[in-house]
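Asks: pasting the sequence and the predicted coordinates here, then a few questions.
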Amino acid sequence: MDYADHFHPNNNIENIVIDDLKKYDTGFTSVKRMIPTQRGYLKKKNIDVYVSGNIGNRIRDAKTGHYYKEKVGTNGELNFFKISLATGELNPQNGLNMLFYLSPSDYESHMNHKLDDFVHQNWSKKQVKQLLINQSSII
């Protein structure tokens, strides 16, 4: 008789449950990327991605799926590095393609994609400007 052995050492029940739950998450999807191996070959890898909702919804970290208190379409959005992945790779159930990261470096490490230096410089300038604006509104 065949049955699912969830207690077998090779079956991690937590990962099985998490993978099942991801199917019901409308903001979850995965993209395929070619990742270089240690030997220099390219290997296709699935990268899990979480998209944020429409205007007024809470911002969601694209890498972890964590929800932040800031909302899409507000000034709080300026505290995040955001990209629109318009390559046709994203297929979340909610149909959106906006990804939010804490920084350009988070995007680079998650998607295995190197950004130009001017992107990092512009991001730093924008963050300093946003910090000054936030400080002046407190005073």
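Replies: Good, I have the coordinates.
Asks: for the most centrally placed residue in the chain, give me the pLDDT.
Replies: The centroid of the chain falls nearest to A62 when counting by CA atoms, centre = their mean (1.4 Å). Note for A62: predicted pLDDT of 92.
Asks: what is the mean pLDDT for the lengthiest helix in the chain?
Replies: What stands out as the longest helix in the chain, according to DSSP state H, is helix 117-138. Helix 117-138 comes out with an average pLDDT of 86.
Asks: so where do the helices sit in the chain?
Replies: So, for the chain - with DSSP H - the helices run 13-22, 104-111, 117-138.
Asks: list the buried residues in the last one.
Replies: Using 16 or more other CB atoms under 10 Å as the burial criterion, the residues of helix 117-138 that qualify are W123. From N, CA and C alone the C-beta is placed, and that goes for glycine too.
Asks: output the contacting helices and strands for it.
Replies: Packing contacts for helix 117-138, counted by 3 or more CB pairs under 8 Å, 6 or more residues apart in numbering; DSSP states H and E, involve helix 104-111.
Asks: and the helix it packs on, how far from the chain's centre?
Replies: 9 Å (CA atoms, centre = their mean, to the nearest Å).
Asks: returning to that earlier point: pretty sure the residue nearest to the centre of the chain contacts V31?
Replies: No. In this structure A62 lies outside contact range of V31 using CB atoms under 8 Å: 10.5 Å.
Asks: so where's this protein uncertain?
Replies: Scanning the chain for pLDDT under 70 picks out the ranges 1-24, 91-95, 137-139.
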